[in-house]
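J.: quick one, structure for this:
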Amino acid sequence: MSARDLFHDIVKTALQQEGWRITHDPYALSTDDFDLAIDLGAEKVIAAERGEIQIAVEIKSFLGPSKISEFYGALGQFITYRTALKKQDPQRILYLAAPENIYGKFFIKPFVQELIQENTLYLVTYDTNKEKLIRWLPTPSTVNTSKNS
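T.: Predicted coordinates for the structure are as follows:
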């Protein structure tokens, strides 16, 4: 099993343990002549009055030697997927999944935080050892999908 598959399975299992139902694995996007695929699609009923929340999750491992180079690619991919998702399924919220230990070393840096804010990058972090989700930034139940752009 490759590291990519391992992280994919960790996040998928962690989502399911939190009550998310995996609806797409992968979540195919089609726009113009481009065929794109986000790693996972999931949904969860949060509360009766809120109804169903739908998300898509692009999973990254950040195992390479240059975290900033990987972040460039991940951010560009996130923006591309979010734009395509907005056309195909505007109620679905896109998250980038990253390991918690990378969040603590890299994503908290002021310049990276500025990029996250500037580009409205939604994050979910996961613990590879405990195989669970650690934090949602922001939590899916607080995202206004009409502003998810």
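J.: how is Trp136 assigned, secondary-structure-wise?
T.: With DSSP: H, G, I helix; E, B strand; the rest coil as the basis, Trp136 sits in strand.
J.: now do the contacts for it.
T.: With contact set as CB atoms under 8 Å, 6 or more residues apart in numbering, Trp136 has these partners: 95, 122-124. C-beta: built from backbone N, CA, C; applies to glycine.
J.: of the residues you listed, buried ones?
T.: Buried subset of the contacts of Trp136 (neighbour count, 16 or more other CB atoms under 10 Å): 95, 122-124.
J.: now, which of those sits nearest Asp39?
T.: Nearest to Asp39 among the buried ones among the contacts of Trp136: Tyr95, at 10.2 Å, using CB to CB.
J.: packing partners for the one helix or strand that closest one maps to?
T.: In this assignment (DSSP states H and E), Tyr95 forms part of strand 93-99. Strand 93-99 sits against helix 3-17, strand 51-59, helix 67-88, strand 123-127, with contacts defined as 3 or more CB pairs under 8 Å, 6 or more residues apart in numbering; DSSP states H and E.
J.: closest to Val143 out of these?
T.: Proximity to Val143 (CB to CB) singles out strand 51-59 among the helices and strands packed on strand 93-99, at 8.1 Å.
J.: okay, that closest one in PDB with CA atoms only?
T.: Output in PDB follows, covering the C-alpha atoms of strand 51-59 (Å, rounded to 0.1, in the frame of the first residue of the first chain):
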ATOM      1  CA  GLY A  51     -30.400  19.300   7.500                       C
ATOM      2  CA  GLU A  52     -27.700  17.600   5.600                       C
ATOM      3  CA  ILE A  53     -24.200  18.900   5.200                       C
ATOM      4  CA  GLN A  54     -22.200  17.800   2.200                       C
ATOM      5  CA  ILE A  55     -18.400  18.000   1.900                       C
ATOM      6  CA  ALA A  56     -15.700  17.000  -0.400                       C
ATOM      7  CA  VAL A  57     -12.200  16.300   0.900                       C
ATOM      8  CA  GLU A  58      -8.900  16.500  -1.000                       C
ATOM      9  CA  ILE A  59      -6.300  14.600   1.000                       C
END
